[in-house]
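>>> need a structure here:
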Amino acid sequence: MSVRDLIPWSRNNGDQVPSLLREDNRDPFLSLHREVNRLFDDVFRGFGSGLPSLRGASGFGARWPSVEISDTDKDIKVTAEIPGLEEKDIEVLLNDGVLTLKGEKRSETEDKEKQFSERYYGRFERRIPLGAEVKEDQVDATFKNGVLTVSLPKTDKAQSQVKRISIKS
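Numbering: from 1, shown residues only. Just a heads-up that it's a prediction; the model follows:
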């Protein structure tokens, strides 16, 4: 038996779908079941948009929180979108040229009338290598409306190392 015998359709048959799959599509309940499973798979994948995932060891998707970094001659600014957390839930660390953002979210909901309770717990950690020396004593972090902004002024040495390169046409 060759490997090609194991493939449900081949190049010779064009895009023809195996009869087993075609028969499944005729059953509306099976089709509905497959579509609902696909929707749940999308939810648990976090839709690939940086939103918190609903499963996983950390409780958050790999891309959460969304971080934006701007690097100018004088400073580095890191902005992170962290909705649903409070200032006390976030930790900002700077060690050996790496900025670390950590956070933890805990939420509990209980409705005795409807007899349900819901608990949500998640943790995240993002490490951002800065690539330039910064004035550690002048680093400033603010948190407002779910947005964390960290300003890291560069040292004079790091500012002088910036070399402008002219572009020729």
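
>>> Below-threshold pLDDT in this protein: ranges please.
1-25, 43-64 (pLDDT under 70).

>>> What strand or helix carries residue 79?
Residue 79 is part of strand 75-81, with elements assigned from DSSP states H and E.

>>> Show the subsequent helix or strand relative to the longest helix along the chain.
Across the chain, the longest stretch assigned as helix under DSSP state H is helix 28-44. Moving toward the C-terminus from helix 28-44, the first helix or strand encountered (DSSP H and E) is strand 66-71.

>>> Against which helices or strands is that following strand packed?
Helices and strands touching strand 66-71, by 3 or more Cβ pairs under 8 Å, 6 or more residues apart in numbering; DSSP states H and E, are strand 75-81, strand 116-129. Using the backbone N, CA and C atoms, a C-beta is placed for each residue, glycine as well.

>>> That strand: partners in the sheet, and parallel or antiparallel?
strand 75-81 (antiparallel) (DSSP bridges).

>>> Mind exporting the C-alpha coordinates of the strand it pairs with to PDB?
Extracted C-alpha coordinates of strand 75-81, given in PDB (Å, rounded to 0.1, in the frame of the first residue of the first chain):
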ATOM      1  CA  ASP A  75      13.300  58.200  25.400                       C
ATOM      2  CA  ILE A  76      11.500  54.900  25.000                       C
ATOM      3  CA  LYS A  77       7.800  54.900  25.600                       C
ATOM      4  CA  VAL A  78       5.900  51.600  26.200                       C
ATOM      5  CA  THR A  79       2.100  51.600  26.200                       C
ATOM      6  CA  ALA A  80       0.100  48.500  27.200                       C
ATOM      7  CA  GLU A  81      -3.700  48.100  27.000                       C
END
